[in-house]
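# Quick one, fold the following:
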Amino acid sequence: MNRAILEGLKKRVSGAHGAWADELPSVLWAMQMTPKTASGESLFSLAFGIEAVLSPEMVFSTLRTTNYKREDSEEGLRENLDLLKERRAKAHLHSLAYKKATTRMYNHKVSPRLIKVRDLVLRKAEVRDLTRARGKLAPNWEGSYRVYDMVQEGTYRL
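All right, here's what the predicted structure looks like:
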């Protein structure tokens with residue numbers, strides 16, 4: 001989220017570095033109103049059940065703003081609030097399908113490697129030893145261990 005905010009500010013501020021505070025509300029507003037790829041919905045619509053009226057629609061008349069009637073709008077708001085749970089569930093299913101497709105694309109070229117007895121392997125580092133480095137600079141893997149027994153598929157004695 002922070003990276004997206006910084007990218008939005010960089011696009012709006014460009015050279016005047018002191019103007020970022022003035023542009024921050026509009027960047028945050030844009031992030032909340034933009035539909036996300038994973039869910040297919042904007043954060044605003046998932047929270048309130050409706051799409052927000054955009055600023056340009058207030059300046060330049062659109063079909064949506066010219067045909068506005070308060071009574072119809074309030075009735076529509078009540079209906080949208082009743083359907084909000086279904087809308088969130090649909091967005092959740094859309095998000096799960098998106099994650100599954102992304103995982104499938106990411107793992108497309110991954111081929112599992114069989115580990116046999118007497119192979120050399122690395123083990124995920126644990127932070128039990130207080131003398132060892134911790135944080136971002138700590139090693140992720142340790143050792144070079146030899147497999148001497150396979151307990152079950154995916155479980156080995158080193």
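# Number of residues surrounding E153?
8 (other C-beta atoms under 10 Å). Where you see a C-beta, it was placed from the backbone N, CA and C, and this is true even at glycine.
# which residues of this protein fall in strands?
120-124, 141-146, 149-152, 155-157 (DSSP state E).
# Let's have these in CSV, adding distance to E7, mean pLDDT and mean neighbour count.
Converted to CSV, the strands of the chain look like this (distance: least, C-beta to C-beta, whole Å; pLDDT from 0 to 100; neighbours: other C-beta atoms under 10 Å):
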stretch, distance to E7, mean pLDDT, mean neighbour count
strand 120-124, 33, 90, 11
strand 141-146, 32, 89, 12
strand 149-152, 46, 90, 9
strand 155-157, 43, 91, 13
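# Low-confidence regions, this protein specifically.
Applying pLDDT under 70 to the chain flags residues 15, 53-60, 64-65, 68, 127-137.
# Dump the strands of the chain into TSV; add distance to M33 as well.
Converted to TSV, those look like this (distance: least, C-beta to C-beta, whole Å):
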stretch	distance to M33
strand 120-124	41
strand 141-146	43
strand 149-152	51
strand 155-157	49
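# R87: which of the ones you listed is closest?
strand 120-124 (40.3 Å; C-beta to C-beta).
# Against which helices or strands is the closest one packed?
Packing partners of strand 120-124 (3 or more C-beta pairs under 8 Å, 6 or more residues apart in numbering; DSSP states H and E): strand 141-146.
# List the contacts of the strand it packs on.
R118, D119, L120, V121, L122, R123, K124, A125, L158 (C-beta atoms under 8 Å, 6 or more residues apart in numbering).
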